[in-house]
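*Asks:* Sequence isn't available, so here's the structure alone:
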């Protein structure tokens, strides 16, 4: 006897988002940020993510405006760049991940850091006005913050800072939240990761639910 | 003043896994499965994942043997297939995701299901002895179970069933766990997703930590 289940993608989304809005504590978010938070919770499958999500004032508006003006999206991992839904992007925006670019392993060796961190050095020509999305490596977020201590380093428009894990994730996101070099979105503590980060990008890219 | 942080990838892994083993309830897992569970918890950034992870007896041994014999890995989403660390694979295994293959949207229309489910129809020539990894769509897992109700459908070697979310995720994984058509690994309830699924694949592929 075959299993019967909901097979309509639009109905699945609608029911999912309704469940999240019924169960999650979302009242503290402004309406633009709320849509982003809902999609991040959806990707995580946990309404308990809500209290960990933080937006600096104006994050979603600033990040969306950047994409509408054609800003590239700079990602620390292929799982992030691959997850971006291209048809949601408002300006055919470029989605860039330099992690596997030639020279990155050698550069990592040279600067004494991870490949994830070294790959950000290749972001410099694209960084001005970009949407940065770090969904994997705490070392990438720390390295970005150190790059931005140099006033000559180009400024991104906004940063999604959601690295995940047990070493440096909480610390790097706390540092981003304390510094706030540009408007940012973080998931505090250990939680985060590529799926939540992709959800934030896709929600910023389009208001469609 | 630049931030100081751990920049050695191997040290980060070692400290992460030590933290997980200190904090998570892992005693009920056999040693092979425990390594897989640790990596899944690592990807999620939450030791609270542990009680939700289930392995049928022999899952890790069976799935690893399949990969050592050259089995392909069939993934429901590009975020899953992209996340697999190629150098961990024991036999240069093929990693296949058919979601964006030509004809899938039309097939979805024809069978009245999602593209994620329809894409599995293109798995049939690769399915015998494969490692299946479903990390996104509950409809894909339900459709697989329905395909396997046909005794003429080729059997995979093992199934990682970790779709995530609020509609059908818990139900499809409960169905897999009840049916157990082949050895399987599931994360019960709403939790799951591409990062956890990729972690399970990468842990099955190699014992290296």
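*Replies:* Alright, I've got the coordinates. Predicted model, so just to flag it, every value in this text is computed and none were measured.
*Asks:* And chain B, is the strand or helix carrying residue A:12 touching that?
*Replies:* Counting by DSSP states H and E, the element that carries residue A:12 is helix A:9-23. Yes - counting by CB under 8 Å from any CB of the partner chain, chain B has neighbours in helix A:9-23: A:9, A:12, A:15-16, A:19-20. (C-beta placed from N, C-alpha, C; glycine too.)
*Asks:* Strands along chain A, start to end?
*Replies:* A:53-55, A:73-75, A:95-97, A:131-134, A:158-161, A:184-187 (DSSP state E).
*Asks:* between these, which gets nearest to residue B:201?
*Replies:* Evaluated over the strands of chain A, closeness to residue B:201 peaks at strand A:95-97, with 19.8 Å, by CB to CB.
*Asks:* list the helices and strands the closest one packs on?
*Replies:* Other elements packing on strand A:95-97 under the criterion 3 or more CB pairs under 8 Å, 6 or more residues apart in numbering or on different chains; DSSP states H and E are strand A:73-75, helix A:78-83.
*Asks:* Among these, which comes closest to residue A:119?
*Replies:* Of the helices and strands packed on strand A:95-97, nearest to residue A:119 by CB to CB is strand A:73-75, at 9.7 Å.
*Asks:* give me the number of residues near the spatially closest residue to residue A:90 that is not a sequence neighbour?
*Replies:* Nearest residue to residue A:90, sequence neighbours excluded (CB to CB, 6 or more residues apart in numbering or on different chains): residue A:68, at 4.7 Å. Residue A:68: 13 surrounding residues under other CB atoms under 10 Å in any protein chain shown.
*Asks:* cool, residue A:183 as well?
*Replies:* Residue A:183, neighbours per other CB under 10 Å, totals 19.
*Asks:* does it really touch residue A:57, like I thought?
*Replies:* Yes - Residue A:183 sits in contact with residue A:57 when judged by CB atoms under 8 Å, with a separation of 7.4 Å.
*Asks:* what sits against residue A:193?
*Replies:* A:135-136, A:162-164, B:43-45, B:193, B:195 (CB atoms under 8 Å, 6 or more residues apart in numbering or on different chains).
*Asks:* so what's it closest to, chain neighbours aside?
*Replies:* Using CB to CB, 6+ apart and skipping residues adjacent in sequence, the residue nearest residue A:193 is residue A:164, 3.9 Å away.
*Asks:* The one you found touches residue B:49, doesn't it?
*Replies:* No - using CB under 8 Å, residue A:164 is not in contact with residue B:49; the gap is 11.9 Å.
*Asks:* More neighbours: the two, which one.
*Replies:* Higher neighbour count among residue A:164 and residue B:49: residue A:164, with 26 against 20, using other CB under 10 Å.
*Asks:* got the contact list for that one?
*Replies:* By CB under 8 Å, 6+ apart, the neighbours of residue A:164 are A:135-136, A:190-193, B:43-45, B:195.
*Asks:* so can I have a markdown table of the residues you listed showing distance to residue B:100?
*Replies:* Putting those into a markdown table (distance: CB to CB, whole Å) gives the following:
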| residue | distance to residue B:100 |
| --- | --- |
| A:135 | 21 |
| A:136 | 23 |
| A:190 | 32 |
| A:191 | 29 |
| A:192 | 26 |
| A:193 | 23 |
| B:43 | 24 |
| B:44 | 26 |
| B:45 | 29 |
| B:195 | 20 |
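*Asks:* now the residues you listed as a markdown table including distance to residue A:172 and pLDDT?
*Replies:* Output for the contacts of residue A:164, formatted as a markdown table (distance: CB to CB, whole Å; pLDDT from 0 to 100):
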| residue | distance to residue A:172 | pLDDT |
| --- | --- | --- |
| A:135 | 12 | 98 |
| A:136 | 11 | 96 |
| A:190 | 11 | 98 |
| A:191 | 13 | 98 |
| A:192 | 10 | 98 |
| A:193 | 14 | 97 |
| B:43 | 17 | 97 |
| B:44 | 18 | 97 |
| B:45 | 13 | 97 |
| B:195 | 17 | 96 |
